[in-house]
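>>> give the three-dimensional model of this entry:
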Amino acid sequence: MKLFRKKKPVSENDERQSQEIAQLPKVQTEEPSPVTVHHLPPSTQEQRVLKNTESTSHHQGSYVKESPPPKSQSRSDRKVDSTKSSVEDRNEITRELVKKFVADIWNRGDLELIPEVCSKSLRFNGSVGMDRVGHDGFARMVTTIRDALNDYHCEIHSMVVEGNKAFCRMRFTGRHTGSLLGYPASGRQVAWMGAAEFTVKDSHIIKVWELGDVKSLEEQLSGS
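Here you go, the predicted model:
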């Protein structure tokens, strides 16, 4: 069984109010018109502030400044660099020639390298009383020393290079197996110190001045 709620009767006052509300004029609402925003150019002061802000930044409390653009080298700077490079090249050429002179010609006895390393006008002034000139004279000197001293070896302890000049402190060793400085073969192992000055010209060694401890060498050759 359905129950129906009785509608409340509408009074005359309520009906009158509804009619008055219906007769009121309706108000139309207008949509807002779009607003156009005009961007004005920044003033001179604002431009200066923006420029300073872009060139510097603050990161975690540290002030970071843009590094200035690299300066182009002046003519004098380029000349100094070129001169420095030229000196370094000459030093390297001299150093390599001296190394070949000692390691290849003297220590290994490679006489075929003499024209490549030494000038035709080579002059060798040695402390053992042998002065030689030219490729042939120097080759005979190397052969004589290596025949008198078996296992001959020259070790460069230090080298100073300056342009076409090189100065070396060296140690010579070998076993006395042939006549040397008037002393017959003794079979003794000998060693002595010496120094040498090398002069380079046109990428070849042109002069060698060598001074060794001949007194120490003679004492070892004689057995005294």
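>>> is the nearest residue to residue 186 once chain neighbours are set aside bridged to anything, and to what?
Leaving aside its chain neighbours, residue 186 sits nearest to residue 176 (4.8 Å; criterion: CB to CB, 6 or more residues apart in numbering). C-beta: built from backbone N, CA, C; applies to glycine. Residue 176 has these beta-bridge partners by DSSP bridges: residue 149.
>>> show me which helix or strand of this protein is least confident by mean pLDDT.
The weakest-scoring helix or strand in the chain, judged by mean pLDDT, DSSP states H and E, is strand 56-59 (a mean of 48).
>>> ok, which stretches of this structure are strands?
Along the chain, counting by DSSP state E, strands occupy 56-59, 62-65, 118-125, 131-133, 149-162, 165-176, 189-201, 204-212.
>>> turn the ones you listed into JSON lines, columns for mean neighbour count.
Formatted as JSON lines, these follow (neighbours: other CB atoms under 10 Å):
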{"stretch": "strand 56-59", "mean neighbour count": "10"}
{"stretch": "strand 62-65", "mean neighbour count": "8"}
{"stretch": "strand 118-125", "mean neighbour count": "18"}
{"stretch": "strand 131-133", "mean neighbour count": "14"}
{"stretch": "strand 149-162", "mean neighbour count": "15"}
{"stretch": "strand 165-176", "mean neighbour count": "18"}
{"stretch": "strand 189-201", "mean neighbour count": "17"}
{"stretch": "strand 204-212", "mean neighbour count": "18"}
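>>> with distance to residue 90 added, can I get these in JSON lines?
Putting the strands of the chain into JSON lines (distance: least, CB to CB, whole Å) gives the following:
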{"stretch": "strand 56-59", "distance to residue 90": "48"}
{"stretch": "strand 62-65", "distance to residue 90": "43"}
{"stretch": "strand 118-125", "distance to residue 90": "16"}
{"stretch": "strand 131-133", "distance to residue 90": "25"}
{"stretch": "strand 149-162", "distance to residue 90": "9"}
{"stretch": "strand 165-176", "distance to residue 90": "10"}
{"stretch": "strand 189-201", "distance to residue 90": "8"}
{"stretch": "strand 204-212", "distance to residue 90": "13"}
